[in-house]
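Trainee: coords please:
(chains A and B)
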Amino acid sequence: MIMSVKVRYFASLKDSVGRSGDLVDVSGKVTVAEIWAMANANRSMPDNILAAVNMEYVGIEHSVQNGDEVAFFPPVTGG
Amino acid sequence: MIKISADLFDPWHEVVVYQDSAKHWTGKFGATNVFVGTMRDFNEGDSVTGMVLEHYPGMTEKQLDDIVKQAICDWHLLDALVVHRVGEIKPNEPIVLVAVWASHRGDAFDAGRQIMEALKNKAPFWKKERLQNGDERWVENNTDGYLRSPKKDISTFLD
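Mentor: Residues are numbered from 1 along each chain as shown, chains lettered A, B, ... in the order given. Now for the predicted structure:
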């Protein structure tokens, strides 16, 4: 089954990848790290990156389901 | 209550209006702790003329809601109010308000601190500074909030 995953990038990471998001079609079981690799074939994931699935923080080995929103971003600096 | 504001807000007015609207705990609170974070005109040795605060709509509110619920549970708060700016901000404008109401001061002090530190670590906001020389740069990490090290222990105030 082909599934579609929405990927989003924020802040300095959005600047460095040059876009705010991707739509990734995948089949079978897939992790957050694999989603990054599919969307960014020529760019390794930065060491300090944070990841969220459906707006909750996750580790990069977290599995992703059809229709999920996966977000990648640098350390947060609010307040 | 959580509010994300794209416009300038008056934190003191927000506290008064919220407290006046909360009739169900009128007379129940003995301690109100208010923290206001304001934009400085300097950072890391450079003059800063403005900044843009980006956020992740939806996740920001979700994380702040979790942070406030945890603090209410941990410190027996009556209520809490968090307001945070996004968008274009100028020096001297408020960035964040954290106000908490509790029966006693200890819970109010510690809950306010817990909410602020959790916000700094988990709420998805990012600052991009505009420097006086025209350059722009992303703030890469939050500081620990203290100028001095080692941190003062509360017991030093009781000697």
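Trainee: Buried residues, stretch B:6-20. List them.
Mentor: Buried residues in stretch B:6-20, counted by 16 or more other C-beta atoms under 10 Å in any protein chain shown: B:9, B:11, B:14-15, B:18-19. (C-beta placed from N, C-alpha, C; glycine too.)
Trainee: Do that stretch and chain A come into contact?
Mentor: No - using C-beta under 8 Å from any C-beta of the partner chain, stretch B:6-20 never reaches chain A; the gap is at least 13.3 Å.
Trainee: From the buried residues of stretch B:6-20, which land in helices?
Mentor: Secondary structure assignment (DSSP state H) places B:11, B:14-15, B:18-19 from the buried residues of stretch B:6-20 within helices.
Trainee: which one of those residues is nearest chain A?
Mentor: B:Pro11 (13.3 Å; C-beta to the nearest C-beta).
Trainee: my guess is the closest one meets B:Glu93, correct?
Mentor: No - the pair B:Pro11 and B:Glu93 does not pass the contact test of C-beta atoms under 8 Å, sitting 10.3 Å apart.
Trainee: who are the neighbours in contact with the closest residue to A:Ala37 other than its chain neighbours?
Mentor: Across the structure, with C-beta to C-beta, 6 or more residues apart in numbering or on different chains as the measure, the residue nearest A:Ala37 apart from its sequence neighbours is A:Met45 (7.8 Å). With contacts defined as C-beta atoms under 8 Å, 6 or more residues apart in numbering or on different chains, the neighbours of A:Met45 are A:33, A:36-37, A:60, A:72.
Trainee: swap the cut-off to 10 Å and go again
Mentor: The neighbourhood of A:Met45, defined by C-beta atoms under 10 Å, 6 or more residues apart in numbering or on different chains, consists of A:13, A:32-33, A:36-37, A:51, A:60, A:72.
Trainee: Helix, strand, or coil at it?
Mentor: Per DSSP: H, G, I helix; E, B strand; the rest coil, the secondary structure class of A:Met45 is coil.
Trainee: Which pLDDT does the model give the residue in chain A that chain B sits nearest to?
Mentor: Nearest residue of chain A to chain B: A:Gly78, at 2.7 Å (C-beta to the nearest C-beta). We have a pLDDT of 97 for A:Gly78.
Trainee: Next, count neighbours for it.
Mentor: The local packing count at A:Gly78 equals 26, with neighbours defined by other C-beta atoms under 10 Å in any protein chain shown.
Trainee: What of A:Lys14?
Mentor: The burial count assigned to A:Lys14 is 18, neighbours taken as other C-beta under 10 Å.
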